[in-house]
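*Asks:* sequence? don't have it. structure:
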């Protein structure tokens, strides 16, 4: 039985990754400090280590046991906050990755699958975004992820640590079978904000601009179901294990949905009104942003199964409606 360590495995994306590996028959260990991850997201079948990647001694102890691979999801991810407190993001994201690479260098574990982001691309020069698009982040969060990708590439060349960088677009939805129910703490993404407005936890949704050159004037983004993302991690690990060479791929659907489409679908699925108001555009927000995932399709045989908007909204509403 293959063993996998999922760092950040109690979080929203991490718990879905854990579920995917458990379903594939892996022996799974979760390492999480539970600062943003939730106890409710832990599975009885997975081992749990309550630790922090900022604790280098704790990491050394963890890697006394060899794993077949590591999934690295532990990072701060609020792009807006990263522009206000960059030092916090530099410390947690970049230093955390360095700590992990040091531990891997001193261990027998030599495969890491990294949770990267489409934010490494910056403003799109052409759509859909491909992996060879220029890398020019416009927020510090994206900068930290790009620097970590570069660190992994150097450690592959110098230390033989094999890696995959998975550039996510907008993770959304919940496990369609209802196995994961932990809500994100202080969400900054559109769909959980819309859900909070639908259940009355939030007064309204602020829509940042309705004068973009899109069909309804609101911003268009590529939403990929989190269960599809989790499957991408499993397939990426299998690829790197088999091929023993680096991998960098987009994980997206190749199409986008607008803010108003998300709001209207939520109203349709939930039967609730979603209060919202139009406010000014946010600086740096592109009108459209969506992926080209041909490389993941070809190399990993990865294809989204749950990423239509209705499934994304329905699976999310099932978790939110009783809160």
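*Replies:* Arrived safely. For clarity, every value in this text was computed on a predicted model and none was experimentally measured.

*Asks:* ok, which stretches of this protein are strands?
*Replies:* Per DSSP state E, the chain carries strands over the ranges 3-7, 27-32, 47-50, 69-72, 111-117, 162-168, 170-172, 205-208, 220-221, 223-225, 247-251, 257-258, 276-279, 288-289.

*Asks:* count the neighbours of residue 74 for me.
*Replies:* 27 (other CB atoms under 10 Å). The C-beta positions use only the backbone N, C-alpha and C, and glycine is treated the same way.

*Asks:* roughly how far does it sit from residue 38?
*Replies:* Going from residue 74 to residue 38 by CB to CB, to the nearest Å gives 14 Å.

*Asks:* in contact with residue 34, which residues?
*Replies:* By CB atoms under 8 Å, 6 or more residues apart in numbering, the contact set of residue 34 is 10, 50.

*Asks:* do that again at 6 Å, thanks
*Replies:* Taking CB atoms under 6 Å, 6 or more residues apart in numbering as the definition of contact, residue 34 has no neighbours.

*Asks:* need the pLDDT of it.
*Replies:* If you check residue 34, the pLDDT there is 96.

*Asks:* same question for residue 300.
*Replies:* Reported pLDDT for residue 300: 98.

*Asks:* now it, nearest residue through space, not along the chain?
*Replies:* Distances taken as CB to CB, 6 or more residues apart in numbering put residue 235 closest to residue 300, at 4.1 Å, once the chain neighbours are dropped.

*Asks:* then residue 107?
*Replies:* Nearest to residue 107 is residue 63, by CB to CB, 6+ apart, at 3.8 Å.

*Asks:* quick one on the thing from earlier: surely the residue nearest to residue 300 and residue 298 touch.
*Replies:* No. Residue 235 lies out of contact with residue 298 (CB atoms under 6 Å); the separation is 11.7 Å.

*Asks:* more neighbours: which of those two?
*Replies:* Comparing residue 235 with residue 298 by neighbour count (other CB under 10 Å), the higher total belongs to residue 235, at 23 against 10.

*Asks:* and that one, how far from residue 177?
*Replies:* Remark: distance between residue 235 and residue 177 (CB to CB) = 20 Å.

*Asks:* please apply the same query to residue 249.
*Replies:* With CB to CB as the criterion, residue 249 and residue 177 are 26 Å apart.

*Asks:* so, low pLDDT: which residues of the stretch 201-323 of the chain?
*Replies:* Nowhere does the stretch 201-323 of the chain drop to pLDDT under 70.

*Asks:* contact partners for residue 320?
*Replies:* Residue 320 neighbours (CB under 6 Å, 6+ apart): 195, 199.

*Asks:* in this structure, spot the helix with the most residues.
*Replies:* Longest helix in the chain, counting residues (DSSP state H): helix 140-159.

*Asks:* distance from the chain centre to it, please.
*Replies:* 17 Å (CA atoms, centre = their mean, to the nearest Å).

*Asks:* which parts of stretch 208-220 are buried?
*Replies:* Buried residues in stretch 208-220, counting neighbours by 16 or more other CB atoms under 10 Å, are found at 208, 209, 210, 212, 214, 217, 218, 219, 220.

*Asks:* and the gap between the closest residue to residue 29 other than its chain neighbours and residue 153?
*Replies:* Distances taken as CB to CB, 6+ apart place residue 47 nearest to residue 29, at 4.2 Å, with adjacent residues excluded. From residue 47 across to residue 153, the span is 30 Å (CB to CB).

*Asks:* then residue 238?
*Replies:* As judged by CB to CB, residue 238 and residue 153 stand 21 Å apart.

*Asks:* and what of residue 164?
*Replies:* Separation of residue 164 from residue 153 (CB to CB): 11 Å.

*Asks:* neighbour count: those two, which is higher?
*Replies:* More neighbours surround residue 164 than the other of residue 164 and residue 153, with 27 against 15 (other CB under 10 Å).

*Asks:* surely the more buried one and residue 115 touch.
*Replies:* No. Counting by CB under 6 Å, residue 164 does not reach residue 115; the two are 10.1 Å apart.

*Asks:* no further queries at this time; thank you.
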